[in-house]
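Engineer: One predicted model, sequence on top.
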Amino acid sequence: MFGPPGRMAVEERLPGLREELGADLCIVNGENIADGAGITGKLADKLLAAGADAVTLGNHTFRRDGIGAYLAASERVVRPANAGSHLPGKGMTVVEARNGIAVAVLNLLGQLFIDTPISPWEIVDELVDEARAQAPVVVVDFHAEATSEKVAMARWLDGRVTAVIGTHTHVQTNDARILPAGTAAVSDAGMTGPHDSVIGVEAELAIRRMRTRLPVRFQPAHGGVRIEGVVVDCADDGRAEAIELVRVDI
């Protein structure tokens, strides 16, 4: 989700969209909701009030003052589990879906092309085992830059989690699939926000930085707003049965 346009789209459309899609649970990645970089406690609460059951984050988690104290107290907003062992907050939460099934939501950072303190591969097995002990349905938000790492993680976890959903690159990928052992996967769920842009940023500003290599203050764009994501159908035991891309123009 990117900037005010993404936030407003979720606040206005999520309740109705959940009913339309028949979604028993909704997970939102809210990392860039605060003017395109980071999140605040107030904005996180707005996402939860709009119908998100859990909010995941990413490499910009701590860009905003005060978010640490909020994460330390939050039960439903999680930051990447491998962002640093001394940081406030947690990397997993367990929430109850509308149908009464417990769902564990995990958040991890990739290590390729991202300054990640702890490799996800060092902790993922223990984290998944902990999640499986608490819930039959396990969803991993893998916030990573490299498609190769996202595909590798999904293959590694195939059969042990319900879904591995890639985030971070802001471009929805056309590779939603069910892996052989029953895990749903997609390299990137896409961006909820302004698509008449360069991944959410005013195009002229992004192009100016690339052309000149000089510092340019980015601003969120406003045109072409749409909601993007995926819908995963699964059995009560956590095995995925279907995954479908979602794209809704606002």
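Structural biologist: That came through fine.
Engineer: in the protein, which spans are strands?
Structural biologist: 27-29, 54-56, 77-78, 92-96, 102-109, 137-143, 163-167, 177-178, 184-186, 193-194, 225-234, 240-249 (DSSP state E).
Engineer: Adding distance to Met8, write those out as TSV.
Structural biologist: Yep, even glycine has a C-beta here, placed from its N, CA and C like the rest. As requested, the strands of the chain are exported to TSV (distance: least, C-beta to C-beta, whole Å):
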stretch	distance to Met8
strand 27-29	14
strand 54-56	16
strand 77-78	19
strand 92-96	24
strand 102-109	24
strand 137-143	22
strand 163-167	20
strand 177-178	32
strand 184-186	25
strand 193-194	10
strand 225-234	8
strand 240-249	13
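Engineer: Residue nearest the middle of this structure, spatially speaking?
Structural biologist: Closest residue to the average C-alpha location of the chain: Asn29 at 3.3 Å, with C-alpha atoms, centre = their mean.
Engineer: Just list what the longest helix along the chain packs against, helices and strands only.
Structural biologist: When the chain is parsed with DSSP state H, its longest helix is helix 3-21. In terms of contacts (3 or more C-beta pairs under 8 Å, 6 or more residues apart in numbering; DSSP states H and E), helix 3-21 is packed against helix 41-50, strand 193-194, strand 225-234, strand 240-249.
Engineer: what angle sits between the third one and strand 102-109?
Structural biologist: Okay, so that is strand 225-234. Using axes from the mean of the first three to the mean of the last three C-alpha atoms, to 10 degrees, one finds that strand 225-234 and strand 102-109 are set 130 degrees apart in direction.
Engineer: got it, and the first one?
Structural biologist: Per the same axes, to 10 degrees, the angle that helix 41-50 makes with strand 102-109 is 140 degrees.
Engineer: Buried residues, helix 41-50. List them.
Structural biologist: By 16 or more other C-beta atoms under 10 Å, the buried positions in helix 41-50 come out as 41, 43-44, 46-48, 50.
Engineer: just the last one next, same as before
Structural biologist: Applying a neighbour-count criterion of 16+ other C-beta under 10 Å, one finds 240, 243, 245-246 buried in strand 240-249.
Engineer: Can you pick out the most distant pair from those?
Structural biologist: Ala240 and Val246 (15.7 Å; C-beta to C-beta).
Engineer: Kindly list the main-chain dihedrals of Asp115?
Structural biologist: Phi and psi for Asp115, reported as degrees, to the nearest 10, are phi -80, psi 90.
Engineer: which residues touch it?
Structural biologist: Asn59 (C-beta atoms under 8 Å, 6 or more residues apart in numbering).
Engineer: ok, so what distance separates it from Val140?
Structural biologist: 21 Å (C-beta to C-beta, to the nearest Å).
Engineer: same deal with Val77?
Structural biologist: 16 Å.
Engineer: Looking at the two now, which is surrounded by more residues?
Structural biologist: Legend: neighbour count by other C-beta atoms under 10 Å for Val77 and Val140, higher for Val140 (30 against 27).
Engineer: wouldn't the more buried one be in contact with Leu108 here?
Structural biologist: Yes. Counting by C-beta atoms under 8 Å, Leu108 is a contact partner of Val140 at 6.5 Å.
Engineer: shared neighbours, the two?
Structural biologist: Listed contacts common to Val140 and Leu108 are Met153; contacts here mean C-beta under 8 Å, 6+ apart.
Engineer: quick one on the thing from earlier: what's the mean pLDDT across the longest helix of the chain?
Structural biologist: Regarding helix 3-21, the rounded mean pLDDT is 96.
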